[in-house]
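In: Whatever this is, show me its structure:
(one chain, ligands or ions: 1)
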Amino acid sequence: MDKVKVLEQYLPPDAAPLIGRWIDYFKCEFKISRNRGTKFGDYRPPFDGRGHRISVNYDLNAYAFLVTTVHEFAHLHTWNEHQHKVKPHGPEWKGNFKKMMQPFFEKNIFPPDVHHAITRYLNNPAASSCSDLNLYRSLRKYDPPKESVTTVEKLPMKALFKLKDGRVFRKEEQLRKRFKCVEVKSRRVYLFSPVAEVELVEAH
Ligand SMILES: [Zn+2]
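Out: Got it, this is the predicted structure:
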């Protein structure tokens, strides 16, 4: 199937032709990957006879898929310019990320709140990777709703929630960014990211 047609299933359709051109121009092996839990995408520089490789998780919503794709292409571009001489998320990468986002801003691909969160992220020198919470939250809003799956920050205090492995926790107070939660069975305390995906068992 035509590359752009495939990309249109994952990206905002107006963004697909340009990503298709980047794949050709940079001679990049682009793979749509299974969900890897801890990361949205991945870039590997040329190695051992293979060229640039980028992979992006298949289950991201179209805006998150695009932001992740541009994030990884900025790694590729930075590698072409500097190879290993600069940090992965240093100012060189960030400058390229900013530059490579522009055509999508010009096409008005993003809803205003996402556009705003990306601009804020690009202008914040401290924000480096895709784990930026504000950006992540605004992208997450466009995920299709999943039944009873929510995030720790959205649960009411003292709510009981369940992880995929079946363990049940009770939400307690917030400590700086993270939430203290107690595993009901062992009474052990764990710290959860506000955006950790959990299943609500019972609200108090
Ligand atoms: Zn990165």
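In: give me the low-pLDDT residue ranges for this structure?
Out: Low-confidence segments of the chain (pLDDT under 70): 1, 125-131, 146-147, 204.
In: Please parse it into its domains.
Out: Annotated domains of the chain cover 3-140, 149-202 [automatic domain parsing].
In: deepest of those domains, which one?
Out: Among the domains of the chain, domain 3-140 has the highest mean neighbour count (mean count of other CB atoms under 10 Å), at a mean of 17. In this view, the C-beta of every residue, glycine as well, is placed from N, C-alpha and C.
In: Any idea how far that domain is from the middle of the chain?
Out: When distances are taken as CA atoms, centre = their mean, to the nearest Å, domain 3-140 is centred 9 Å away from the chain's centroid.
In: distance between the ends of that domain?
Out: Using CA to CA, to the nearest Å, the gap from the first to the last residue of domain 3-140 comes to 26 Å.
In: got it, and stretch 154-161?
Out: 11 Å.
In: Would you pull up how far it lies from the middle of the chain?
Out: Distance of stretch 154-161 from its chain centroid, counting by CA atoms, centre = their mean, is 25 Å.
In: Give me the contacts around it.
Out: With contacts defined as CB atoms under 8 Å, 6 or more residues apart in numbering, stretch 154-161 is touched by 150, 152, 168-173, 181, 184, 198-204.
In: can you check stretch 27-43 too?
Out: Applying CB under 8 Å, 6+ apart, the set of residues contacting stretch 27-43 from outside is 6, 10, 19, 22-23, 50-60, 64, 68-69, 71-73, 75-76, 79, 130.
In: Tell me where the chain has helices.
Out: In the chain, the segments counted as helices under DSSP state H are 3-8, 16-25, 62-82, 91-106, 112-123, 133-140.
In: Partner strands of the strand ranked longest in the chain, with direction?
Out: For the chain, the longest strand by residue count, based on DSSP state E, is strand 168-175. Strands that pair with strand 168-175, judged by DSSP bridges, come out as strand 160-162 (antiparallel), strand 178-183 (antiparallel).
In: Now distance to residue 135 too, for the ones you listed, in TSV please.
Out: TSV is the format used below for these (distance: least, CB to CB, whole Å):
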stretch	distance to residue 135
strand 160-162	24
strand 178-183	18
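In: Quick check: bridge partners of residue 30?
Out: According to DSSP bridges, the residues that bridge with residue 30 are residue 54.
In: Sorry, wrong one. I was asking about residue 183.
Out: Counting by DSSP bridges, the residues bridging with residue 183 are residue 169.
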